[in-house]
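Curious how this folds, go ahead:
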Amino acid sequence: QRVALISNDVLYNYNELYQLALKAANWLTSKQLKKGDHIALLDFNNAAYVHLVNGCLIAGIIPVSINWRLTQNEMEYIVKDADCKLFVFGAAFQNNATAVMHTTAVPALEMLEVFGVIQSLQPIAPSALPTLSLHNQALLIYTSGTTGNPKGVLLSNENVFEMYYALRSETPLFGPASVNLVAGPWYAVVGIGYFVFGVFTGCTNVLVKIFDPLEVLRLIATYRVTNAFFAPIMMKIICAMEEVHEYDLSSLQNIQYGGSPIEENQLRICYNTFKCHFTQGYGLTETSGIATALRFDDHVRILSSEDNKLKNLLRSAGKPYNGVEIKIVDEANTTLPANVIGEVSIKGNVVAMGYKNQAVINDKIFGHDGWFYTGDMGYVDENGYLFLVDRKNDMIISKGQNIYPAEIEQIIIQHPAIK
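Below is the predicted model:
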């Protein structure tokens, strides 16, 4: 009877979550979908979306969540590349969905209409569900690179479990009594992954439809949120709002942030605003969203010190999670010593099964004894902390000197005229 999901101020307990997953699985199988098939999903975060994905996960059907910021052509590419058998869309995306349906010939159905049907069905008998193994695919998440079409990352059940175990080990006080704010979009691993993490833990998960700072503040205060995942820019926007002090944020225990480092003064503002612990995470979709963490106690130690060398650790992405290995390599795949910049490589059960329909790239990026070559450039210091400098493809070479745009940005952002 514990509350599992809160969406649009409607509460679902764990029993209801499970029964709706069984009903969704019944609906999916009635559409002649079977284990290993793919369906495309296009919508903002909402309860109907959650229940449909849960039905997919227990039936071994692969949900393909489409980024609603993509162009119509990119959406068509994903639906075709993933070989989706069905396309379920939110009403806000009617035009795009209709166009994609016409060009791909994939049947398209509206999300709330589908959910209405699902609610009227009987739950499928658990014995009628297929047997799933750790090595079966669970998710297909498309990630946009700097060049070419989006690439579909094949994530297994094992990848998802490893993410859960790693996050649980480095998230202070996180457990069944936690209230977890899921503010990331479900087309990204920080959205769907963070929700699945909460469900595995047995906590209450508060779903944000789309990032809105005032709505985030309302939800934290109303439902006594204890944990959240934000990008640094999200925290900066919230902290800059005059209304922030009108909301009771005292329930917060730990905020995880990632996507970019955070400048020291801004982090201090975040501490003064949210008054909780912070954990920074680094990872890619290809590593189930995780790889390293700058722990909450690292943050406390760094911010309470006057040692400039220690303060520099705020620029780091922390140390690898348990079960994750990291090495820095050069172009010849030679492991580099401490403090020398090279490509970040990651190994562990968090590393994805590969990209869909990308055999040549898979052999190059995933094909070396379990090591995944990230395309991120960085170095590891003598204490094992990872520092990222930029993407490999973004590097500028001028007169033989390697220049990383991210390093230039870190200087520019310190200028008082830059917001």
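
So for the protein, which residue is the most central one in space?
Note on the chain: the residue nearest the mean C-alpha position is residue 190, at 1.7 Å, using C-alpha atoms, centre = their mean.

Mind telling me what element that one is part of?
helix 189-201 (DSSP states H and E).

contacts for that helix?
Residues outside helix 189-201 that contact it (C-beta atoms under 8 Å, 6 or more residues apart in numbering): 4, 17, 45, 50, 53, 65, 139, 141, 155, 160-161, 163-164, 167-168, 174-176, 178, 180, 182, 184-186, 204-205, 207, 229, 258-259, 283, 285, 288-289. Where you see a C-beta, it was placed from the backbone N, CA and C, and this is true even at glycine.

Sitting in strands, which of those residues do you find?
If you go by DSSP state E, the contacts of helix 189-201 have 4, 65, 139, 141, 155, 180, 182, 204, 205, 207, 229, 258 in strands.

what sits against the closest residue to residue 170 other than its chain neighbours?
With C-beta to C-beta, 6 or more residues apart in numbering as the criterion, residue 170 has its nearest non-adjacent residue at 4.6 Å, and that residue is residue 293. When contacts are counted by C-beta under 8 Å, 6+ apart, residue 293 touches 170, 279, 280, 281, 282, 318, 319, 321.

swap in residue 342?
Taking C-beta under 8 Å, 6+ apart as the test, what residue 342 contacts is 328, 329, 330, 336, 377, 378, 379.

For the third one, give its distance to residue 392.
Think residue 330. 12 Å (C-beta to C-beta, to the nearest Å).

okay, residue 145: pLDDT?
Residue 145 carries a pLDDT value of 59.

which one's the longest helix in the chain?
The residue-count maximum for a helix in the chain (DSSP state H) belongs to helix 14-30.

What residues of the helix or strand just after that one count as buried?
Using DSSP H and E, the helix or strand that follows helix 14-30 in sequence is strand 38-42. By neighbour count with 16 or more other C-beta atoms under 10 Å, strand 38-42 contains the buried residues 38, 39, 40, 41, 42.

would you turn those into JSON lines with distance to residue 194 and pLDDT?
Formatted as JSON lines, the buried residues of strand 38-42 follow (distance: C-beta to C-beta, whole Å; pLDDT from 0 to 100):
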{"residue": "38", "distance to residue 194": "22", "pLDDT": "98"}
{"residue": "39", "distance to residue 194": "22", "pLDDT": "98"}
{"residue": "40", "distance to residue 194": "21", "pLDDT": "98"}
{"residue": "41", "distance to residue 194": "17", "pLDDT": "98"}
{"residue": "42", "distance to residue 194": "20", "pLDDT": "98"}
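
where does the protein have low pLDDT?
For the chain, the stretches with pLDDT under 70 are 145-147.

by contact count, what packs against the longest strand seen in it?
Counting by DSSP E, the longest strand found in the chain is strand 372-380. On a contact count with 3 or more C-beta pairs under 8 Å, 6 or more residues apart in numbering; DSSP states H and E, strand 372-380 meets strand 325-329, strand 342-347, helix 359-365, strand 386-391.

what comes up buried for it?
Neighbour-count burial for strand 372-380 flags 372, 373, 374, 375, 376, 377, 378, 379, 380 (criterion: 16+ other C-beta under 10 Å).

Of the residues you listed, which is the nearest to residue 275?
Top of the list for closeness to residue 275, among the buried residues of strand 372-380 and by C-beta to C-beta, is residue 378 at 31.4 Å.
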